[in-house]
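Q: turn this into a structure:
(one chain, ligands or ions: 1)
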Amino acid sequence: MTTRPRTSPARRTTSADGREREPGQEQGHEQGHEHGHGHGHEPGHPYAIHARALAKSYPGGTEAVRGVDLAVRPGETFAFLGPNGAGKSTTISLLCALARPTAGEAHVCGADVRTEPQRVRRTVGLLFQHSALDSNLTARQNLYVHARLYGLSRAAAGARGAELLALAGLDDRQRAPVRTLSGGMRRRLEIARALLHDPRVLFLDEPTVGLDPHARAQIWDHLHALRAERRTTLFLTTHYLEEAEHCDRIAIIDAGRVVAEGPPRELKAEIADDRLRLRTSDDAATAGILRDTFGLSPAVAGDAAVPDEADAGVTVRVGEGATWIPQLCVALAARDIAVHAVSTTPPTLDDVFFHHTGRSIRA
Ligand SMILES: Nc1ncnc2c1ncn2[C@@H]1O[C@H](COP(=O)(O)OP(=O)(O)OP(=O)(O)O)[C@@H](O)[C@H]1O
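A: Residues are numbered from 1 along each chain as shown. Below is the predicted model of the structure:
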């Protein structure tokens, strides 16, 4: 085993012709299921989001999205995980019909993003990376104004606003000017705003960016409640690996391509790479033995290429890490190297990213 990325494809990768097995097909999610607040999907459109070979090049030649396939079922929480500039926001813009694809196709609840942009926009709610609230209006006024812009009557706008403020846990702050709300409260209000027209699919571009851990946890409670109570399909982007763990399925995107797609647990199980870390009396000599005797590719503390791995000691990625410990200890003892500590850690989503791209998502 080595630390080099394997050449085996992701279980459901984006293929060049976009004609492989549907991602998520094996999930056994219900199709066309009526639920809660009338979020049923039209028969014949089993996917909330469906994209084939979707691509977007910007003027100047940046190929931001390079042939992405997606199949998201109604009611799923789906995350797009990837480093800065991977193409996450651009994909959201394409799926919300805010930007035009240069190739490929996409449908949201059956509406074609190229030929039915208005229908797509009525179907989706969007939480932008940057706030779109009026900070001088109260929480309630923000919702009311936008509900009126969506064409709701005064009575309906008031009632809808009250319902969504309650859902966001903001009833007691409804008369507070937005500028006095915390970052997390504002984000929940923005989510409420994005839900005013009762969208079936909610896109969230970095919903927790810039928030402290407590506020991030509250946003996730709120999103889980949305999923449970309204069965809203949630499609979100994030850089936070631990947040992707909350999702039913994730796609890892790198340089405009999906490199891995599936439920987080399965993606991690698939790569079967544990991190085995040793702290010894001579880490440099240990790394040499791991390399020369066992054919492993160790990272040593201070190794800039793999910053995550090198906090302390020597780290290697191996299948079934625990089974390596006895033979490594014997080999090191034979060279008079004392082993102070050994630990093994199961794969993370960053390891999944590393496995498919050869680098850390954080690098
Ligand atoms: N309007 C634009 N014009 C030209 N290039 C753009 C435009 N928007 C994005 N890009 C480029 O397209 C690529 C993908 O950008 P995008 O914003 O989709 O990535 P991202 O994964 O959302 O990144 P981040 O996590 O930083 O938000 C980047 O190289 C970016 O510089």
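Q: and Tyr140, helix, strand or coil?
A: Careful, residue 140 is Arg and not Tyr. With DSSP: H, G, I helix; E, B strand; the rest coil as the basis, Arg140 sits in helix.
Q: just name the shakiest helix or strand of this protein by mean pLDDT.
A: Lowest mean confidence among the helices and strands of the chain (mean pLDDT, DSSP states H and E): strand 299-300, at a mean of 80.
Q: direction included, what does the helix or strand following that strand pair up with?
A: Using DSSP states H and E, the helix or strand that follows strand 299-300 towards the C-terminus is strand 314-318. Strand 314-318 has the following strand partners under DSSP bridges: strand 274-280 (antiparallel), strand 299-300 (antiparallel).
Q: lowest average confidence across the ones you listed, which one?
A: Among those, strand 299-300 carries the lowest mean pLDDT, at a mean of 80.
Q: for the helix or strand harbouring Glu261, packing partners?
A: Assigned by DSSP H and E, Glu261 falls within strand 257-262. Counting by 3 or more CB pairs under 8 Å, 6 or more residues apart in numbering; DSSP states H and E, the packing neighbours recorded for strand 257-262 are strand 63-72, strand 249-254, helix 264-271, helix 349-357. For the C-beta atoms, the positions are set from N, CA and C on the backbone; glycine is no exception.
Q: please enumerate residues in contact with the helix or strand hosting His146?
A: Secondary structure from DSSP H and E places His146 in helix 139-149. Helix 139-149 is contacted by residues 133-134, 137, 154, 156-158, 160-162, 164-165, 170, 173-176, 178, 181, 185, 189, 192-193, 196 when judged by CB atoms under 8 Å, 6 or more residues apart in numbering.
Q: one more time with 6 Å, if that's ok
A: Leu133, Asp134, Ala157, Arg160, Gly161, Leu170, Arg173, Gln174, Leu189, Arg193, Leu196 (CB atoms under 6 Å, 6 or more residues apart in numbering).
Q: which pair in those spans the largest distance?
A: Ala157 and Arg173 (18.6 Å; CB to CB).
Q: list the buried residues of the helix with the most length in the chain.
A: Criterion DSSP state H: the longest helix present in the chain is helix 213-230. Neighbour counts over helix 213-230 (16 or more other CB atoms under 10 Å) mark Ala215, Arg216, Gln218, Ile219, His222, Leu223, Leu226, Arg227, Arg230 as buried.
Q: in its sheet, what does the helix or strand just after it sit against?
A: Reading on from helix 213-230 to the C-terminus, the next helix or strand found by DSSP H and E is strand 233-238. According to DSSP bridges, strand 233-238 forms sheet pairs with strand 77-81 (parallel), strand 201-205 (parallel).
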